[in-house]
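>>> okay, here's the prediction I keep looking at, along with the sequence it came from:
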Amino acid sequence: GENVEQHPSTLSVQEGDSAVIKCTYSDSASNYFPWYKQELGKGPQLIIDIRSNVGEKKDQRIAVTLNKTAKHFSLHITETQPEDSAVYFCAASSNAGGTSYGKLTFGQGTILTVHP
Amino acid sequence: DSGVTQTPKHLITATGQRVTLRCSPRSGDLSVYWYQQSLDQGLQFLIQYYNGEERAKGNILERFSAQQFPDLHSELNLSSLELGDSALYFCASSVSMEDYGYTFGSGTRLTVV
């Protein structure tokens, strides 16, 4: 089955700096890659996603890049703010069908701390 | 408020007991997913239902079962509870089976003592 590795496990930056979180996946059939932000006491919230037919996607201060050949994708947050502090999860999914249909495989998470 | 409602928010129970977790999906969402989040295992997929039918299954224990009712709410039943079942249980919903842009609820924190 799919395996998603996420690095780093913790990331500390100063307000205004950029933050980059990287993930690799194992299943070449995976074609959907979302990123979730989880704040304390809340459920994960989808912040951006990318499909395999696109190499990059941007939404204001957040961007995601995908390299299908190398099977890795990254989250980039620019001009970080203290409210960006949270746990970030990457995930991968394939709609190839069978028993894995509908399943998101998550990375282990990155604790991002933005210092004022 | 994400629109996905999970009850109860917290549950403390003893080993060997049985509990039921409830999830109401966002209005219009037909697909419901259950995930378990523990410190050492991260977010683990348990099971997916679509419009009342089971559609995908993860590493869900035989002691666990779920169903989705005609009104689309879902219940996750956990029985013969063990200390290791202590975790956050999340429900998520999406419009269709092909839509993986889940909306998660705020979870149920289960503590088994």
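That came in fine, so what should we check first?
>>> near chain B, which residues of chain A are found?
For chain A, the residues in contact with chain B (C-beta under 8 Å from any C-beta of the partner chain) are A:32, A:34, A:36, A:41-46, A:49, A:89, A:91, A:93, A:95, A:99-109. To be clear about C-beta, it is placed using only N, CA and C from the backbone, and glycine gets the same treatment.
>>> in strands, which of the residues you listed fall?
Using DSSP state E to define strands, the subset of those located there is A:32, A:34, A:36, A:45-46, A:49, A:89, A:91, A:105-106.
>>> pretty sure B:Gly42 sits against A:Phe106.
Yes. Between B:Gly42 and A:Phe106 there is a contact at 5.7 Å, judged by C-beta atoms under 8 Å.
>>> how about B:Cys91, what does it touch?
Taking C-beta atoms under 8 Å, 6 or more residues apart in numbering or on different chains, we find B:Cys91 in contact with B:4, B:6, B:21, B:23, B:25, B:32-35, B:74, B:76, B:104-105, B:107.
>>> beta-bridge partners for it, please?
Judged by DSSP bridges, the bridge partners of B:Cys91 are B:Trp34.
>>> so for it, what's the pLDDT?
You'll see B:Cys91 listed with a pLDDT of 97.
>>> can you check B:Ser94 too?
Looking at B:Ser94, the pLDDT reads 89.
>>> residues contacting it?
By C-beta under 8 Å, 6+ apart, the contact set of B:Ser94 is B:29, B:31, B:33, B:100-103.
>>> repeat that for A:Pro116.
Residues counted as contacts of A:Pro116 (C-beta under 8 Å, 6+ apart) are A:15, A:82.
>>> repeat that for B:Phe64.
By C-beta under 8 Å, 6+ apart, the contact set of B:Phe64 is B:46, B:76-79.
>>> go again with 10 Å.
Residues near B:Phe64 by C-beta atoms under 10 Å, 6 or more residues apart in numbering or on different chains: B:34, B:36, B:46-47, B:76-81, B:85, B:89.
>>> ok, B:Gly58 next?
A:1, A:99-100, A:102-105, B:33-36, B:44-48.
>>> and the helix or strand of chain B with the lowest mean pLDDT, which residues are buried?
Lowest by mean pLDDT, DSSP states H and E among the helices and strands of chain B is strand B:53-57, with a mean of 89. Judged by neighbour count using 16 or more other C-beta atoms under 10 Å in any protein chain shown, the buried positions of strand B:53-57 are B:55-57.
>>> can you name the residue of chain A nearest chain B?
Nearest residue of chain A to chain B, counting by C-beta to the nearest C-beta: A:Gly43, 3.4 Å away.
>>> for chain B, which residue gets nearest to chain A?
Counting by C-beta to the nearest C-beta, chain B gets nearest chain A through B:Phe104, at 3.4 Å.
>>> based on its surroundings, how many neighbours for the closest residue to that residue other than its chain neighbours?
Using C-beta to C-beta, 6 or more residues apart in numbering or on different chains and skipping the chain neighbours, the partner closest in space to B:Phe104 is A:Gly43 (3.4 Å). Residues lying near A:Gly43 (other C-beta atoms under 10 Å in any protein chain shown) number 22.
>>> low-confidence ranges, chain A, go.
Applying pLDDT under 70 to chain A flags the ranges A:95-102.
>>> do the same with chain B
B:97-100.
>>> which non-adjacent residue is nearest A:Ser52?
Of all residues not flanking A:Ser52 in the chain, A:Asn31 sits nearest, at 3.9 Å (C-beta to C-beta, 6+ apart).
>>> cool, thanks, talk later.
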